[in-house]
Structures are given as structure tokens and as C-alpha cells.
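[1] no sequence on hand, only this structure:
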């Protein structure tokens, strides 16, 4: 596993945090919940920063804030599960984003893979991935993941889901009605 | 500017490219167009990989494929403009994703900032940013940007936009109707 640190202390001419946050409220994102266990117990984190950066090799990137209680454990994991959420699973997105709760107290809501990683049940699309690199940047860590296996147990005959989207502190669900005809 | 390369040649047990792409069709994303000019002329790229990774310092990450004609020029730029698109600007998203066209042939569609970067007109939300780091990973480059200035010229009194979302090879627009009441 590669571990790098980017330094930004010399950069003092940037946008204020307030202006930056205000601008990014205009940028929507798909929602994922990331789980892992470094041997000290399962952790989960809701992330709106999951991107696919390469298909060959299959690489995923996401960012986790140092302020999140799960981040230090995720940093010690060799492998993680990335759950890509549909609108039916916004309960899980909220669970993974709520501070001070036990995200694994409902023993019927999750299981473990044969390889040990915790996985929430009832999420049709998920990926197991190896942590290939970690890059510290500002107050966050960028995780670079190498995808090892994926599951798309989508019941709909057309294989369609209604993905969950986060935008300006609200949840949205994509449907045929939100589609733009071009 | 920091330049790094992550090596993945030793990883041979990952998902196939086909399975990886199929899985990520379930993951929606906000849409941005990124412009720059290294002195050889303006280039533009549609990206569905823009994420905010830190507010203090204000850091943005996006990924550009080596297969894109714009990527080598973007890699030579000191600064870029990130346009965050609303559904009204899906014409621009399509322009930045179409191969073999001159993306700057309409001289009334774009201008230059005083600092030289090309910027498309009619996009209310955009950010000028310095390229702080580039990380080669697989067949892509991860750009880490430090945000220098932002503009949110949103006409709506409530400051609302109807963001453009890409999902499963289709465009969507978020509205009050796509909102999930929780």
C-alpha cells in the first residue's frame, strides 16, 4: 500500500472555507456508504466523493475527512466495501452520516463477507476493494481503491436502479421524470 | 506543483473493465466542464469525477483519462477553470464530451479571464483553481486543485440551480420533484 502526503501549508491565497462550501452546494453527487474493519470492530462512513478513475485497472477514489470518527479505522484497513446507494437506501446514507450512533447495533442489517469485511444487507450494488494507496491532502485522506469483486443484484428486469443523489443538503432520487430529453 | 505516479502493474486480480463499468453505471455524478490553456490554445473536458475533498484548504479533485484529447494540455496548465453545470447547460457537457470537434469555434460562447484561462459564458457557477498536484494512476491522471476564486451568479432569488446529473449514459436535472422527503 502506497502512502503519500501532499502539503498545502504554503498556499494562503485560496478561497475561504465558507465561500468554497457555498459554491460546492451547487454540485450534486452520488451517495455511497463505505465499510471496513481493521480488527477493532466495523465502521461505516457515508461518502459523496466516490468516483471511478480508471476501468483497466479498475480504480475507485474517495475522500474521508479527518473529522469523521470512522476515518482512522478506514486508514488501517487493507480492504473495504463500497455500497452504491439507491433512493430506497437513504436510511443507510443517514445512518453513516450521523455522529454518535452505533452504526452496527442492528445485527439484522449487516453481515460479513467470507473475507471479513462488514457489508450492509439490502443494498443491491456493492464493490469489495483493496486499499491500494492513501494520500493525505489538507484535512482529508484520499483513498485509491483497486476493485476486486462487484455485485449488482438488481431485481428490475431492465437492471435499472433509482440512484440516490445528494445536493445542497437534500436527498434526491433519479427517475424517468428527471431525465432530460436531448 | 507536486507530481506523483502510482503503480498498479503488479495488481492482476481485479475486476474486468467490463464488470467495473457495468457496476459504476449505477453511480450518478454531477457534471463539470474543465477548461485550460497552456499557451498552445484553449482545451475543454467534460468531467463527471469532480469532488470537493477539503474546505480548509479549499481542494478539488478530478480525474482525466489519457484517452481524452484535452488531458495532455491540462497536465501542462498551472491553473484551470471548473464550470459546475446546471441542466440548462447540458449543451456544454455534450460539447466537452464530443470527440473531433473544435470546442471553441463559437467565439461568442467563451471569453478569457484577466488571468488568461478560457471560460464559457452563461455558466453561473465556476471556480478558478491552481493545479497543486497531479497523480498518475492507471490510465488516468488525478488533478488536485487549490481553489482561488469562485463565482455563483445565480439569478434565482433563492440562489437555487437545477444541477445537471449524469447517470447510466443519460442526463438528468434535479428539481423539487426529484426530492426525497425524509
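    Happy to help now that I have it. From a predicted model like this one, the values you see are computed outputs, not experimental measurements. Numbering: from 1, shown residues only, chains lettered A, B, ... in the order given.
[2] now do the strands for chain A: every range, in order, please.
    Listed in chain order, the strands of chain A (DSSP state E) span residues A:2-6, A:29-30, A:32-37, A:42-47, A:51-54, A:59-65, A:79-84, A:110-112, A:118-120, A:125-137, A:140-152, A:164-167, A:170-173.
[3] what pLDDT, on average, does the second one get?
    Strand A:29-30 shows an average pLDDT of 98 in the prediction.
[4] again with stretch A:172-182
    88.
[5] cool, stretch A:69-80 as well?
    Here the average pLDDT along stretch A:69-80 is 97.
[6] follow-up on the earlier one: please produce JSON lines containing the strands of chain A, extended by mean neighbour count and distance to chain B.
    C-beta: built from backbone N, CA, C; applies to glycine. Putting the strands of chain A into JSON lines (neighbours: other Cβ atoms under 10 Å in any protein chain shown; distance: least, Cβ to the nearest Cβ, whole Å) gives the following:
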{"stretch": "strand A:2-6", "mean neighbour count": "14", "distance to chain B": "5"}
{"stretch": "strand A:29-30", "mean neighbour count": "25", "distance to chain B": "4"}
{"stretch": "strand A:32-37", "mean neighbour count": "25", "distance to chain B": "7"}
{"stretch": "strand A:42-47", "mean neighbour count": "23", "distance to chain B": "9"}
{"stretch": "strand A:51-54", "mean neighbour count": "23", "distance to chain B": "3"}
{"stretch": "strand A:59-65", "mean neighbour count": "23", "distance to chain B": "4"}
{"stretch": "strand A:79-84", "mean neighbour count": "24", "distance to chain B": "5"}
{"stretch": "strand A:110-112", "mean neighbour count": "14", "distance to chain B": "20"}
{"stretch": "strand A:118-120", "mean neighbour count": "20", "distance to chain B": "15"}
{"stretch": "strand A:125-137", "mean neighbour count": "22", "distance to chain B": "5"}
{"stretch": "strand A:140-152", "mean neighbour count": "21", "distance to chain B": "4"}
{"stretch": "strand A:164-167", "mean neighbour count": "24", "distance to chain B": "5"}
{"stretch": "strand A:170-173", "mean neighbour count": "20", "distance to chain B": "4"}
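[7] worst average pLDDT in those strands?
    Across those, strand A:2-6 gives the lowest mean pLDDT, at a mean of 90.
[8] give me the contact list for that strand.
    Residues from elsewhere that reach strand A:2-6 (Cβ atoms under 8 Å, 6 or more residues apart in numbering or on different chains): A:132-138, A:144, B:2, B:4, B:6, B:132-133, B:144.
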